[in-house]
Every structure is written in structure tokens, then in C-alpha cells.
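>>> pasted the sequence and its predicted model underneath.
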Amino acid sequence: MSLMEILRVIRRLVVGGIAGSLAYPGDFAFYMLGTIIGPIIAAFVWRAAIAAGADLPVDADYITTYFVLLSLVTMLASAWLSVFMADTIRDGRLNVWLARPGSYLYEIAANNIAEKVVKLVILMPMIAIFAWFVRDSLTLDAAPWRWGALLVSTAMAAMIFFWLDVAMGSLGFWLEDISGLEWGRSLLTGLITGQMIPLALFPAWMQGVLHVQPFRYTISFPLEIVVSDLSAREVMTGLGVQAGWTAVFIVAGLSLWRRGLRSYAAVGA
């Protein structure tokens with residue numbers, strides 16, 4: 001299939017995915033509420049610590065802006081398909097896609113995009129309400145080029161997470177159950193991406209490792225572009241490193257997927 005044909009297939013799958021997602025608006029609303037509650041609580045806890053005199057490496061403006069934007073960047077960057085992908089491999093539903101001209105990867109990519117469109121519509125009013133309550137310390141006056149860099153960085157972060165999930169899901173070709181591995185991965189990445197705690201709050205002796213590991217470039221780095229004092233050169237360097245990590249995860253995900261397909265032996269395959 002040509003690139004244009006692939007894009008047309010994905011577009012149709014996205015439209016179908018959005019229609020399917022709209023059948024469960026209540027579920028998505030509660031899920032998005034759960035997504036934003038964590039950042040709200042964390043923001044108020046860290047703001048209270050600063051107000052009480054805690055000596056932190058960042059100020060209240062940094063903390064507030066970071067957590068207001070966190071749920072948005074996290075939702076746009078995240079993927080949630082590895083366990084479903086492994087189940088599809090294990091129970092033989094992948095067979096249907098083997099008889100089609102397109103790849104199953106088109107389906108999961110379209111599903112990811114469709115759900116993000118619906119979630120974005122639901123999440124934005126919640127973020128706006130949160131932002132209004134903490135407007136005293138909210139700084140969203142970053143230069144336009146920084147917001148553009150944030151969008152580019154978030155797009156690459158989404159690619160990293162997507163292909164990481166493809167790699168994890170592809171383990172279903174060889175393993176009966178990957179849920180334990182996925183739980184461990186989610187716990188680890190939640191910590192070292194900056195989703196649970198901003199990486200700037202970690203001890204100084206950890207900063208070197210935290211800044212070179214790939215998961216900084218999924219959540220923390222996109223946010224750092226607009227909330228920190230990174231110079232233009234540091235932002236461009238970071239985007240270059242992020243592009244490199246994106247390529248690594250694409251190659252890893254595709255390699256595991258293709259190798260798994262060659263060994264696939266479900267009933268009817």
C-alpha cells in the first residue's frame with residue numbers, strides 16, 4: 001500500500017473509532033476526571049510545601065504551570081494498547097488482520113488517535129477550571145516558538161509511547177500474559193517520566209541520569225520547554241535527542257512485531 005492509501009485507511013478507522021468512543025461518554029468523563037485529580041492534588045501539596053518554607057529547586061509558578069499542563073501532555077502522549085494487543089495475539093483475533101491488505105498496527109494507531117480526540121474534548125474544560133483556581137501562580141506567557149516546540153515534542157513523545165506499547169504488546173507472540181510486565185513498566189515510567197514527580201525535584205545527584213534516559217522525553221521534557229528556563233539551544237538539542245530516541249523505539253517496536261508475525265501460530269493463522 002502507498003502512503004496515501006495507508007493514511008486513507010487510518011482516517012477511516014479514526015472516524016469509526018471516534019463514533020465508537022462517543023457511545024461511552026460517561027466512561028471517558030470519569031477516566032479524564034481520574035487523570036486530572038492526581039495533578040490537582042500534587043499541585044496543591046507542593047504549593048503548600050513552598051508556602052510553608054520548603055527549600056525547593058523550583059518556585060510555585062513552575063509547580064503550578066507544570067501540573068496544570070501535565071494531564072494534557074500525559075493524555076496526548078500516552079498509549080494504552082499493549083495488553084489489548086497481546087490479548088488479540090493470544091486469542092487469535094489477529095487472524096482477521098492477516099487476511100486483510102492493511103496491518104493491525106493501523107487499527108491500533110487509529111484507535112489511539114480516536115480516543116485522544118474524544119478525551120481532549122472532555123479534558124479541556126476540566127483543565128480550564130483547574131487553571132482558573134490556581135491562576136495566581138499560573139504562567140502561560142511563554143514565547144510562541146516554545147509552544148510550537150511543545151507540540152512537536154508531544155507528538156514525538158506520543159510516537160515513543162506508541163512504539164513502546166507495540167514492543168510490549170508484541171511479547172504476546174511468546175508470552176501467555178504480559179500484564180505483570182506492563183504493570184511494572186507503567187510504575188517505572190510513571191516515576192521517571194516526570195508524571196508522578198517533576199524531575200526537577202529529584203536530588204541533584206540523580207539529575208544526570210534522569211536527563212539522558214529516554215523517558216524524560218515523553219512527559220518531562222515537553223513540559224520543561226514552556227515551564228523552565230531552557231535556552232533555545234537547549235530546547236533544540238533536546239528535540240534532537242528526542243528524535244533519536246523516537247527512531248530507536250520505532251525500530252524496536254517494528255522489529256519485535258515483524259519477528260513475532262513470522263513465528264505466529266494461533267489457531268487459523
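Sure, I can see it.
>>> quick check: phi and psi on Asp59?
phi -100, psi -180 (degrees, to the nearest 10).
>>> burial of the nearest residue to it once chain neighbours are set aside, as a residue count?
Closest residue to Asp59 apart from its sequence neighbours, by C-beta to C-beta, 6 or more residues apart in numbering: Ile50 at 7.0 Å. Using the backbone N, CA and C atoms, a C-beta is placed for each residue, glycine as well. Look at Ile50: counted by other C-beta atoms under 10 Å, it has 18 neighbours.
>>> going by secondary structure, Ile50 is in what exactly?
Assigned by DSSP states H and E, Ile50 belongs to helix 25-51.
>>> quick one, helices of this protein?
In the chain, the helices defined using DSSP state H lie at 3-21, 25-51, 60-77, 82-90, 94-98, 104-133, 144-170, 179-192, 204-212, 220-227, 232-263.
>>> quick one: closest of these to Pro198.
helix 60-77 (5.5 Å; C-beta to C-beta).
>>> what mean pLDDT would you report for that closest one?
Regarding helix 60-77, the rounded mean pLDDT is 94.
>>> what do you get for stretch 84-102?
Computed over stretch 84-102, the mean pLDDT rounds to 85.
>>> what comes into contact with that stretch?
If you take C-beta atoms under 8 Å, 6 or more residues apart in numbering as the criterion, stretch 84-102 is touched by 1, 6, 9, 103-104, 107-108, 165-166, 168-173, 175-178, 260, 264, 266-269.
>>> picking that back up, contacts only, for the residue nearest to Asp59.
For Ile50, the contacting residues are Leu56, Asp59, Ala60, Ile63, by C-beta under 8 Å, 6+ apart.
>>> now tabulate those in TSV and tack on neighbour count and distance to Phe133.
Below are these laid out as TSV (neighbours: other C-beta atoms under 10 Å; distance: C-beta to C-beta, whole Å):
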residue	neighbour count	distance to Phe133
Leu56	14	21
Asp59	11	18
Ala60	20	14
Ile63	25	14
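>>> which two in those are spaced the farthest apart?
Among the contacts of Ile50, the pair separated by the greatest distance (C-beta to C-beta) is Leu56 and Ala60, at 9.1 Å.
>>> confidence-wise, which helix or strand of this structure is lowest on average?
In the chain, no helix or strand scores lower on mean pLDDT, DSSP states H and E than helix 3-21, which sits at a mean of 77.
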